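**Q** got a predicted structure here, sequence first:
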Amino acid sequence: MRTALLAALCSSCVAAGAAADAGDPKHGEALFGRYCQGCHGEKGRGGAHTFMPHVENLTKKDYIEYLPDEYLFGVITQGGPSVGKSSYMPAWGTKLKDQEVWDIIAYIRTLPTY
């Protein structure tokens, strides 16, 4: 089921995949600070350790670099439940333009992994 969800999610964003290469990490940093930092932390390492559910560390080595940009696009635009994750991850697709999401992804890709 999870594989089917991921396949459907990725196939719906493949056309937008070229936009990921055109993402502006500087603009993405500002957007990340506004929309993502509250839970994912200033540098993407996760929020407070007491926050439940635990928030993914976007800088975890051997994790984030294996997630395709299209997957991240889907999670950001459609929320956590779209890929079997927590509903605490909101769907930002109605708030953010596609290019803004690609900018956030470009910024995430600049974060050092640990």
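**A** On my side now, so go ahead. In this text, all values refer to a predicted model and were calculated from it rather than measured experimentally. Numbers count the residues shown, from 1 in each chain.
**Q** all helices of this structure, in order?
**A** Along the chain, the segments classed as helices by DSSP state H run 2-13, 17-21, 25-35, 37-40, 69-78, 98-108.
**Q** tell me the centre residue of this protein?
**A** Leu72 (4.1 Å; CA atoms, centre = their mean).
**Q** if you skip the residues just before and after it, what's nearest to it?
**A** Distances taken as CB to CB, 6 or more residues apart in numbering put Ile105 closest to Leu72, at 5.0 Å, once the chain neighbours are dropped. Where C-beta positions appear, they are placed from N, C-alpha and C, glycine not excepted.
**Q** neighbours around the one you found, how many?
**A** Neighbourhood size, Ile105 [other CB atoms under 10 Å]: 23.
**Q** can we start the residue count at 19 from this point?
**A** I'll keep to 19 as the first residue from here, and by that count the last item is Ile123.
**Q** state the pLDDT value of it.
**A** On pLDDT, Ile123 comes in at 98.
**Q** how about it, what does it touch?
**A** Contacts for Ile123 (CB atoms under 8 Å, 6 or more residues apart in numbering) come out as 38, 41, 46, 87, 90-91, 94.
**Q** could you measure from it over to Tyr132?
**A** With distances taken as CB to CB, to the nearest Å, Ile123 is found 19 Å from Tyr132.
**Q** same question for Pro43.
**A** 19 Å.
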